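A.B. asks: Predicted coordinates and the sequence they were generated for:
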Amino acid sequence: MNKARGPVWHRKQKEKGILPKGLRGVDKEATWCKSKADHWVYGHGSFCMTTHDIPFVGCFQWMRNCGNEAKRFWSETGFLRGILENVCMDSKADDQDLYREFQKQRQMQLVTYPNSRNNKTEQRREMIRTMKRKTYKRLYRERSQTVEPMQGLIKDLFDLDVCWMRGDDNNRWLFAAMGIAVQVAQLKAAKEGRSTWDIQREVVGV
């Protein structure tokens, strides 16, 4: 989540379309969302995909702050059918239907962190048993060393704690440009046999 530029628009007032007098420069298209780490944030979301073996940004794009990450994950991985065997996402992807459709339509194994208390059906219990296998537990741990730090790296490179611009369309193309800049810099670093993390100089020169 990335804080919106300017003041926040109170959630209840935004839902009713009430813009208080004197509230100037507010990003009217930003949305509210809550996370365990950051609590409530008024702003824009960013969606990031990264490879596990060698940290490369697959995409870094704008999404609504209140958007459904699991649905976005599904839509962004369709072109990878036949290329990847496993795809990983945090507990937001803990969905039996999503798990089944990845297997059925894309022949991919979804790796996520399941809620073990939600085990009322045999299909659900089988999913939980699969996620507890050593192979998939290892893959899920790798995610914390690649995906999450990469999201943080991009935010640090572009000082993205607060959005540069207001509005969905402005941030959509800006976030996409950031992702492309990082991809170009990482490709150059990889060709030169350097770390794909240490790319600040290349990004500045893009």
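C.D. replies: Structure's in. What do you need? Not measured: the values here are computed from a predicted model.
A.B. asks: could you say what helices and strands the strand ranked longest in the chain packs with?
C.D. replies: Taking residue count as the measure and DSSP state E as the definition, the longest strand of the chain comes out as strand 39-50. If contacts are counted by 3 or more Cβ pairs under 8 Å, 6 or more residues apart in numbering; DSSP states H and E, strand 39-50 sits against strand 2-3, strand 31-35, strand 57-64, helix 69-76, helix 134-157, helix 168-191. C-beta: built from backbone N, CA, C; applies to glycine.
A.B. asks: buried residues in it?
C.D. replies: Within strand 39-50, the residues that qualify as buried by neighbour count (16 or more other Cβ atoms under 10 Å) are 41, 42, 43, 44, 45, 46, 47, 48, 49, 50.
A.B. asks: Check stretch 145-153 too.
C.D. replies: With the criterion 16+ other Cβ under 10 Å, stretch 145-153 contains buried residues 146, 147, 150, 151, 153.
A.B. asks: How about stretch 157-173?
C.D. replies: By neighbour count, and taking 16+ other Cβ under 10 Å as the criterion, the buried residues in stretch 157-173 are 157, 158, 160, 163, 166, 170, 171.
A.B. asks: Look at that stretch and report the distance between its end residues.
C.D. replies: With Cα to Cα, to the nearest Å as the measure, the first residue of stretch 157-173 is 17 Å from its last.
A.B. asks: which residue is nearest the middle of the chain?
C.D. replies: Most central in the chain under Cα atoms, centre = their mean is residue 47, positioned 3.3 Å from the mean C-alpha point.
A.B. asks: That one against residue 63, yeah?
C.D. replies: Yes. Under the contact definition of Cβ atoms under 8 Å, residue 47 touches residue 63, with a separation of 4.6 Å.
A.B. asks: Now the common contact residues for the two.
C.D. replies: Common contacts of residue 47 and residue 63 (Cβ atoms under 8 Å, 6 or more residues apart in numbering): 69, 72.
A.B. asks: Helix or strand with the lowest mean pLDDT in this structure?
C.D. replies: Taking all helices and strands of the chain together, the one with the lowest average confidence (mean pLDDT, DSSP states H and E) is helix 200-205, at a mean of 77.
A.B. asks: Who are the packing partners of that one?
C.D. replies: Contacting helix 200-205 under the criterion 3+ Cβ pairs under 8 Å, 6+ apart are the following elements: helix 168-191.
A.B. asks: looking only at pLDDT, what's the mean for the helix it packs on?
C.D. replies: Computed over helix 168-191, the mean pLDDT rounds to 94.
A.B. asks: quick one: contacts for the residue nearest to residue 78 when sequence neighbours are not counted?
C.D. replies: Nearest residue to residue 78 in three dimensions, chain neighbours excluded: residue 106, at 7.2 Å (Cβ to Cβ, 6 or more residues apart in numbering). Residue 106 is in contact with 77, 78, 80, 81, counting by Cβ under 8 Å, 6+ apart.
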